[in-house]
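Colleague: Sharing a model that was predicted from the sequence below.
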Amino acid sequence: MKKNSKIYNIFKKGETLSLSRFIFLCLYEKNHGYYQKNRIGTDFVTAPEISQLFGECISIFIASINQKIGNIRDFCELGPGNGTLTKDLSKNLNKLIKDKLNFYLFEKSNSLKTNIKKIANDVNISQLKKLTFPPRPIFFIANEFFDALPINQFEKTSDGWFERRVCLIDDKLKLILKKNTFLKFEKNYGKNGDIDEESPFANLYLKRIFNHLKEFGGGLLIFDYGPLKKKKIDTLQSISKKKKSYFLDNLYDSDITYHVDFEKIKQQAIKSNLLFHGPITQKKFLFFNGINERFIKLSKNLQSKKQLEILNSQFIRLTDARGMGSLIKCNFITKEQIKLNFF
Ligand SMILES: C[S@@+](CC[C@H](N)C(=O)[O-])C[C@H]1O[C@@H](n2cnc3c(N)ncnc32)[C@H](O)[C@@H]1O
């Protein structure tokens, strides 16, 4: 373990760390954290990095409902990473909406923020330090954002619910169970062996965004890894040097994610008097928003067989039912009553 790191110094004092604090430091600690050192695409590839088709379909979706959700001119991307989706969206939406557009980017990683500055389309781009917005309808978009937020895990044993915490024993990182007096679970909630996962960051960010949608209008479009119905199991996963790894190994050199619980987001949305659409697969969203038509149009302009093969493989990666096409789910939240027959 790096001797000058925060994690090392905390453990040296004999303290334990909540999982969310531990994961936060692994990903974002200054000079060490995974996202402070790596660009998106180092160990895993996201949909906007695969093809412009992804941003094109989202632009078609936005244009098709824009009148009904408040005539949006303001967009906010959560966790834009390299900024590729914002770049594609701003290019397409500039053609579809005849007004100056504003893009607000909420990105934690300092090194990724530096790259985003290079987006050159004719739109206003500003970085948000905090989730505070102008008092207008905003369209929020989050691709693989919520699954990258740190989580806490709670485990049910015959003695009730315990918090899983990280500690250092004999120079090895281990998980221990600790009774947590703040736990809000009811006594009969869950069965022995169940694991409940909560992201304090997600709850906070969703609260802010939902308050905004309720007051000023707009929408939130989420694409994330997660099942249609989440079980109470450990879904933490980590990837290091393009290979699956255990999240307590390869400290600061792994991307750590988990499976999002869309039902919890739905409940939070309903509590805020918003309407929740989804989850549906990424494949279904893309097909209903013109990916076939865009594919045909783009392929007609290609010069070589090689270019067609590349476009074809990008199309398959985005929509393949054995991969991203079905593992990633899409959800849409708004306060307006709109008919979305593919959700
Ligand atoms: C898996 S990447 C996805 C990047 C991008 N959306 C894409 O599709 O290529 C997750 C992104 O969320 C950012 N992120 C994670 N936690 C964040 C937080 N609390 N605040 C802002 N950005 C965060 C990361 O730095 C990273 O850019």
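Modeller: Okay, I see it.
Colleague: Next, the buried residues of the worst-scoring helix or strand of the chain on mean pLDDT.
Modeller: In the chain, no helix or strand scores lower on mean pLDDT, DSSP states H and E than helix 110-116, which sits at a mean of 78. For helix 110-116, the neighbour count (16 or more other Cβ atoms under 10 Å) marks 112, 115, 116 as buried. Quick note: C-beta positions are derived from backbone N, CA and C, even for glycine.
Colleague: Output the contacting helices and strands for the helix or strand just after it.
Modeller: Downstream of helix 110-116, the next assigned helix or strand under DSSP states H and E is strand 124-127. On a contact count with 3 or more Cβ pairs under 8 Å, 6 or more residues apart in numbering; DSSP states H and E, strand 124-127 meets strand 102-106, helix 110-116.
Colleague: go with 6 Å
Modeller: Applying 3 or more Cβ pairs under 6 Å, 6 or more residues apart in numbering; DSSP states H and E, one finds that strand 124-127 contacts strand 102-106.
Colleague: The longest helix belonging to the chain versus strand 102-106: what angle between them?
Modeller: Longest helix of the chain, by residue count under DSSP state H: helix 200-216. Counting by axes from the mean of the first three to the mean of the last three Cα atoms, to 10 degrees, helix 200-216 points 160 degrees away from the direction of strand 102-106.
Colleague: for the residue sitting nearest the centre point of the chain, what are its contacts?
Modeller: Residue closest to the mean C-alpha point of the chain, counted by Cα atoms, centre = their mean, is residue 145 at 1.6 Å. Taking Cβ atoms under 6 Å, 6 or more residues apart in numbering as the contact definition, residue 145 lies against 78, 79.
Colleague: tell me the pLDDT at it?
Modeller: pLDDT, residue 145: 98.
Colleague: you'd agree residue 35 is up against residue 29?
Modeller: No - checked against Cβ atoms under 6 Å, the pair residue 35 and residue 29 is beyond contact range at 9.9 Å.
Colleague: Which one of these two is surrounded by more residues?
Modeller: residue 35 (21 against 17; other Cβ atoms under 10 Å).
Colleague: before we move on, back to that, show the backbone phi and psi for the residue nearest to the centre of the chain.
Modeller: In terms of degrees, to the nearest 10, the main-chain angles of residue 145 are phi -100, psi -50.
Colleague: Now do stretch 40-55: distance from first to last residue.
Modeller: Across stretch 40-55, the terminal residues are separated by 16 Å (Cα to Cα, to the nearest Å).
Colleague: does the ligand sit close to that stretch?
Modeller: Yes - Stretch 40-55 comes into contact with the ligand (Cβ under 6 Å from any ligand atom), by way of 40, 46, 48, 49.
Colleague: Where helices are concerned, which of those residues count?
Modeller: Judged by DSSP H, helices contain the following of these: 48, 49.
Colleague: which among the residues of stretch 40-55 next to the ligand gets closest to the ligand?
Modeller: residue 46 (3.4 Å; Cβ to the nearest ligand atom).
Colleague: ok, and the closest non-adjacent residue to that closest one?
Modeller: residue 144 (5.2 Å; Cβ to Cβ, 6 or more residues apart in numbering).
Colleague: same question, residue 71
Modeller: What sits nearest to residue 71 in space, not counting adjacent residues and going by Cβ to Cβ, 6+ apart, is residue 137, at 7.1 Å.
Colleague: same deal with residue 234?
Modeller: Of all residues not flanking residue 234 in the chain, residue 195 sits nearest, at 4.9 Å (Cβ to Cβ, 6+ apart).
Colleague: Show me what counts as buried in the longest helix of the chain.
Modeller: By neighbour count on 16+ other Cβ under 10 Å, the buried set for helix 200-216 is 201, 202, 205, 206, 209, 210, 212, 213, 216.
Colleague: Can you check the pLDDT for the second one?
Modeller: In the predicted model, residue 202 carries a pLDDT score of 97.
Colleague: again with the third one
Modeller: Turning to residue 205, the model gives it a pLDDT of 98.
Colleague: Could you measure from it over to the ligand?
Modeller: 7 Å (Cβ to the nearest ligand atom, to the nearest Å).
Colleague: Who are the contact partners of that residue?
Modeller: Contacts of residue 205 by Cβ under 6 Å, 6+ apart are residue 131.
Colleague: what distance separates the longest helix of the chain from the middle of the whole chain?
Modeller: 15 Å (Cα atoms, centre = their mean, to the nearest Å).
Colleague: now, which of the buried residues of helix 110-116 sits nearest the ligand?
Modeller: For the buried residues of helix 110-116, the nearest to the ligand is residue 112 (5.2 Å; Cβ to the nearest ligand atom).
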